[in-house]
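Trainee: model this:
(3 chains)
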Amino acid sequence: MKKQRTQYSSIISIILVIIFGLVMFSFNIPNNSPEQKKDGNVEISKSDKKLENMPIYGNWKTYTTKDGLPSDKIYSVRVDEDRVWAGTNHGLALLENGKWTVYDEEDGLAHRSVLSIDVSPITGDLWAATMSGLNRFSGGKFEKYTQFNSGLANDVIYSVICDGKDVWVATGGGAGVLDTYTGKWGIYTEQNAPMHEPWTYSICAGGNKVFIAAWGGGVIEWNKTTQRFRDYVDPDGEMEIDLFPDDGVVHDITTAVSYANDILWVATYFGMSRYDGTHWKGYFDHDSGLASNFINYIKADGDIAWICTDNGLSSFNGETWVTYQNLGTEKSGNVIIDGKSENERTLNATSSLSHNFTIGVDFKDNEIWVATSKGLSRGEVIGYTNTKTSKL
Amino acid sequence: MKKKRIYLVVIFIFIIGVGFTALHKWSVEHVIYMTGGVPHPIGCISCHVYPEREGLAANLLNEDYLSPLNASVSSDGSRLYVIAQEADLLIEVDLKTNKVLSNIKVGRRPHSVMLSPDQKIAYVSNQWANNIYLIDLVSHQVLDSIITGGGPACMDLSVDGKNLYVANTYTNNISVIDLLQKQEIKRLHGGNFPTGVAASPSGNFVFVSSQRSLPVGSRTEPQTEITILNAHTNRVEVRRNYTSAHIMENVAVTPDGDMAIVTLVRPKNLVPSAQIEQGWMINHGIGVIFNNGEMAQLLLDEPNAFYPDPYDVVIHPNGNYAYVSHSGVNIVSVLDLDVIRELINNASESELRMYANHLGLSNKYVVARIKTGANPKGLAISPDGKFVYVIERMEDHVSVIDTDINEVINSIDLGGPKRITLTRKGGKLFNNAGHTFHNQYSCYTCHPDGHEDGLTYDLTGSGRDFANVQTLRDLNGTAPFKWIGTNQSVYKQCGMRFSMFVTRTESFSPEDLDAVVAYIMRELTHPPNLNRLPHGELTEAQKRGKEIYERTMTTDGREIPEKDRCITCHNGPNYSNYQMADVGTLKEYDSPTMFDAPNLNNVYESAPYLHDGSAATLEEIWTKFNPDDQHGYANDMTKDQLNDLVEYLKSLGAARYYVEDINYNVNKGHL
Amino acid sequence: MQYNYWKYSLLSGIFFLSIACFFSACNSKNSFAGKVVFTQLPINNLNDDQLAQMDWKYLPEMNIVMANMESTLENIEVLTKDFYSARAPEVNFDGESMVFSGQKDENDTWQIWTLKFNGLEFSQVTQSGKDCTDPTWLPDGRIAFSQLIEEENGLKYHALFTIGSDGCCEQRISFQPHEDLNASVMNDGRIIFTSRQVYPENGRTKYLVMRPDGTKAELFYLPEDNYGKSLSDAVEDDNGNVLFTNSGRLISIKFSHPLHSKYDLLQMNQGSVMSVFPMDQNQYLLSIKKPTEHSFGLSVFSLNGNESNDFYYSNAEFNLVEPVIIMQRELPKKLPTRVNMELESGHFFCMNSDNSDIDIDVQSGETAKIQVLGLDTILGETAVEEDGSFYVELEADQPVRFQTLNGAGEILRGPSSWMWIRPNERRGCTGCHADREIAPENVVPKAIEKQPVAMVK
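Mentor: Below you'll find the predicted structure:
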């Protein structure tokens, strides 16, 4: 009995030491500042660490109500060829040929708060997730799906994606899928899927799977081939810290998922995870270039994930971070490359995102569009991280 | 001994006399009851033999007609390919000799035929399935089939011949088929029950017309969509609605593409039906959509003469004339398109709104009314525009119109039975407006394809008690009729009160009533329900839904009172116990009453629901209109349970397709 | 032997009886078919103006005559020789009898009579104390006719009635201060008649149609002003044309499109026409006074206005008018009725009182109220709804008119034409004097969502 007590004490002590060490380490992130040249050109590549070729965006322009948007609170953005859709808290807006057109409830929009948008690459139909139903916008007309008139699980819809002929939604009452060919709805809740409650927050598809970010339930995966679910939860349970790094998704309160190039990216309010199908990797704002652990949205484009946080926009390709932050005005911002690392560089920019509270992002070619709580910002590629200089 | 024999004979005659008298008395009372007092000769055969579908008598009394629907002319004008819908045939006709060359077996209830640009292949849509057939026109064999959505109807080829666009009536979408790959490449969301398809000669657009209104809510005028596709991107370019119009069966585009014309019906379902005069019940005409987006509706009716059920429209190659078949009055109207162009181009917005209701305008642009045989449906025009071929569904004939003189010059016999049975006569009556005042509408007008038109009507003329039109399919054994269950037979349904409140003219004679009833009971059937698995099995969701449908306990283990169980009122082969019930669905504008439990076969295609059409979808029956569980105990269900129940309801169909039809396989339908 | 005698006698008797029955059945074939029946007006009984005004309804010494129609008339027989005066023959649809208006003795009132051709059997139908005229057969075997009404205030006019051919169940069916005359039945089963307002002022004569139960009376055709007020009864042929005469001109209008399809069938120099009857094969039997003649005779014309050379007949002593051919005709539709004589009111609604083709500038929404007028009283008024609709309960079988008022109570439009409602009738209009060729908008009028406002005394 005494021997057992001694053994337990030793284990607990080791654990405490490890925790202490981790905590201490998190305060010792080196702060590297770039040298600023007077003409605005900045020498970026300084350290001997090989930098991956990450694009750097600048020449930001912000659209607000002054430009025709119905609101400055932009929840979502979606680029569809030469058109840009913005979901705001006062309607759905379309930028086409330099002009904004606004659609609201009078036009058939289910609710003025448009939280998520997707456009089907097959049909060209736009799907809008709102606080009170789902809309299909096609041929200039809105069609509304609600929990009352259809098999939609719940009218509060946080996310919508088009996956072939299927439209998936993440709602406050479960995930749902509409087969647009047959009109059949499927609902997935804690009753028939490994969620512990039905509140789902985001959806993505890829690799013949559909991933659902379940609030408090980690990530739920639906395998289209086997027609089976499985889940990915934080092995640490409810702990507010990542006790064992890279053992799974960093937290169960997942807010967004995105899949590209066989990589699943998972956003939580407590950090980000990256999953290659075998290994998990967690990222936090204290030990990486992640702008903040409080992540609203994530979208992967090829190898690069774009992470919308409450403290700026980060991009990451698995090696290199580029983070964009507003310093208080649209004309001043920071571009932080490889933050929290010995290679960290901060570039002062003369244009920036309109606000650090970023909620959505989309891109096409050399353009990026960022939904923030104070407007919709558009940037363009002005350089790459592996070039010597870059003009901001 | 002789006396005894005489006594026996007398007693025998007496007994026979008494028996006959009693039987006769009972028969008279029975007929009076069943017909609702409509004078009708005593004849058991009327009700008990003619309407039967099976049996020796039914087989002897009836014939298998061809019932042609649509057709296509070959590009050299030498051949006509006719769809014989009820015979599942494609009929090839030599237009030089006007003789049938061959009958080619195709799929179930074919709807339309298109010829490939090289004229070697015919594409045939099988409406009671989910595919089209490719027919080799040399060997007359089915080469292949291509999966589409449910209920493929009209089709058209893209100008370059690479794509085929198919309207899928049951699944409300449009298949885009790549003919090189012989595969459907996408399915675009269409209007409600899309039927007509026409590609513009410019190659830029494809027009798809719909039969039914979009969900608009109670006491709101119908809105029916014409979907315009971008033929380059194969996406929906724009959706336009025709207001207060529906049953847009077909569409055609002028050769120079300046306008598309769609046939349509303009119901006055919201107008209190106090009268029928002055077009107060239903009008008929065309919709026009110009390439600048301007839309208009014009009537083909006249103030005291109506031309109901415009079905098909074809346009002369010179672009100056259009031909419209009116299947309710056996007429083809010839329209001067230049007059229409000028009329609309010079009209203001308010004038265009007025034109849509103007019965006196048609004499400006209707240049001829050509009499045809019974029930003219599809039209085909020869490539040189010299002839218009009129498919006469109830004649098994094709009339040939010479467009120079606008007269029928020939009739082609497709080879159907020559005997006109009582049922066939009933079909002609059903599809003809002769029994309504001024021919304003036929039975088909509110019951297209024997179904219902998806609208609610103010038949009492009081602004109250709007009634949702009910299907006429598979009525055998489903009495009583009407939402309030007051009609114990179809004889009564179509009898004197029908003429007082609906047709507003002389009621059917007993012979005609027999014929119409025989047709309704025998010939009008639901199509197979394609929501099931290929061999008629239920999907997992449907099985779960069936359990819920048949449940006797709530989700938390309490017993559901028998009266509140779905299975109580909706049981049996037609899912109805034919009893009256109060399901708590009366609204502000309804008089107190109970309702007869409606049949649920093919309920998936009967939106909107409830007696007043207030439930746009099946879900709304319980999410909006069942707060007190009076229409079945449902408020304890989770949303996914409700979804499963709805999935099961959508699978309900006539049992005969899944039990008797052993050939029901994947080629014949599943979504 | 005796037994055989009785047997053979019985058999013979049966045989001859059968033969007799057979031949008597043969004789039941209508032997009058093809004959013409017409009214003979003594030439001196009225002048040309009276003739032109069709004012011969109650003239003395008129006769109804029957004759064979060959190249001229032969075997002319006066059918009503026992009558002081008779006119307006109309043959029943089965061709076996006719109805007419007759004055038995000089001091009698004019009543409606029937005559069975076979046996020349007369039967009096009406027993009214007032003059009855212009009878016409209805498809259900009843008869519609006009009867003189004399109001207490001295107003005199004719109203339409129906009655069984046995004299049963006389019922008035028109209720307006109009001269409603010259009724005939169209193929759709409705009665068409001439109607001219007489109170409070005289109006233009026009053709109205209505159902035989007196419901749904509406304008069918309004002749142009310069044609005066003398209209004959209208007849419908098998080609969808409705023909009538108007001050001597023979007019054809399309049944399907009556208001705007008028066509003069004859040139002025062909003569003045008084009556028309459609025959077979696009031919018409006319009562016509040719320019060279002094009296109206009978002639056959075709639809293109050409006179047949095969037939003409005239008589220097008489004007021959109102010809009809004895023949079987297809029965018009028997229209059902919802009139319930146990009730005392009916309902009327208007979809939008702003909808009008009267050329008075009224802004949309300016109409605030409608006022319902009786013969000499205001029966009531009610506000119109925001969509311009109104819904009222009216006392049945009483003439009413409407006028629209603005918010200040000033009259905007009206009064309208007279109309009436039959017991249990529901009637609607698209507007106030709206274009009759325009069908209603497909909306639920707001007024109908409430109870009707009672305009009942």
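
Trainee: contacting residues for residue B:455?
Mentor: By Cβ atoms under 8 Å, 6 or more residues apart in numbering or on different chains, residue B:455 lies in contact with B:213, B:222, B:246, B:267, B:269, B:446, B:468, B:469, B:613. (C-beta placed from N, C-alpha, C; glycine too.)

Trainee: please name the bridge partners of residue 74.
Mentor: Looking at chain A here, since you left the chain open. residue A:88 (DSSP bridges).

Trainee: ah, I was thinking of chain C
Mentor: residue C:68.

Trainee: just the pLDDT for it.
Mentor: Predicted confidence (pLDDT) for residue C:74: 76.

Trainee: again with residue A:362
Mentor: 97.

Trainee: equivalent analysis for residue C:156, please.
Mentor: The per-residue pLDDT reported for residue C:156 equals 93.

Trainee: quick check: it vs residue C:195, distance?
Mentor: 15 Å (Cβ to Cβ, to the nearest Å).

Trainee: what do you get for residue B:330?
Mentor: 35 Å.

Trainee: and if you look at residue B:338?
Mentor: In terms of Cβ to Cβ, residue B:338 sits 41 Å off from residue C:195.

Trainee: repeat that for residue B:409.
Mentor: Distance from residue B:409 to residue C:195, by Cβ to Cβ: 46 Å.

Trainee: next up, the contacts around the closest residue to chain C within the stretch 251-392 of chain A.
Mentor: Here the stretch 251-392 of chain A gets closest to chain C at one residue, residue A:376, 42.0 Å apart by Cβ to the nearest Cβ. By Cβ under 8 Å, 6+ apart, residue A:376 lies in contact with A:62, A:63, A:64, A:69, A:74, A:77, A:84, A:86, A:354, A:369, A:370.

Trainee: tell me the one among the residues you listed nearest to chain B.
Mentor: residue A:84 (18.1 Å).

Trainee: returning to that earlier point: looking at residue B:330 and residue C:195, which has the bigger crowd around it?
Mentor: A count of neighbours by other Cβ atoms under 10 Å in any protein chain shown puts residue C:195 above the other of residue B:330 and residue C:195, at 28 against 25.

Trainee: ok, what's across the strand from that one?
Mentor: Bridge pairing for residue C:195 - DSSP bridges - gives residue C:180, residue C:206.

Trainee: that one contacts residue C:175, correct?
Mentor: No. Assessed by Cβ atoms under 8 Å, residue C:195 is found out of contact with residue C:175, at 11.9 Å.

Trainee: got JSON lines for the contacts of residue B:455, with pLDDT, secondary structure and neighbour count too?
Mentor: Below are those laid out as JSON lines (pLDDT from 0 to 100; DSSP: H, G, I helix; E, B strand; the rest coil; neighbours: other Cβ atoms under 10 Å in any protein chain shown):
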{"residue": "B:213", "pLDDT": "98", "secondary structure": "coil", "neighbour count": "29"}
{"residue": "B:222", "pLDDT": "98", "secondary structure": "coil", "neighbour count": "27"}
{"residue": "B:246", "pLDDT": "98", "secondary structure": "strand", "neighbour count": "27"}
{"residue": "B:267", "pLDDT": "98", "secondary structure": "strand", "neighbour count": "25"}
{"residue": "B:269", "pLDDT": "97", "secondary structure": "coil", "neighbour count": "27"}
{"residue": "B:446", "pLDDT": "97", "secondary structure": "helix", "neighbour count": "23"}
{"residue": "B:468", "pLDDT": "96", "secondary structure": "strand", "neighbour count": "23"}
{"residue": "B:469", "pLDDT": "96", "secondary structure": "coil", "neighbour count": "19"}
{"residue": "B:613", "pLDDT": "95", "secondary structure": "coil", "neighbour count": "26"}
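
Trainee: tabulate these (CSV), appending distance to residue B:419.
Mentor: Converted to CSV, the contacts of residue B:455 look like this (distance: Cβ to Cβ, whole Å):
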residue, distance to residue B:419
B:213, 40
B:222, 40
B:246, 36
B:267, 36
B:269, 39
B:446, 30
B:468, 38
B:469, 33
B:613, 41
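
Trainee: report the two of these separated the most.
Mentor: Put simply, by Cβ to Cβ the two of the contacts of residue B:455 set farthest apart are B:246 and B:468, 14.4 Å from each other.
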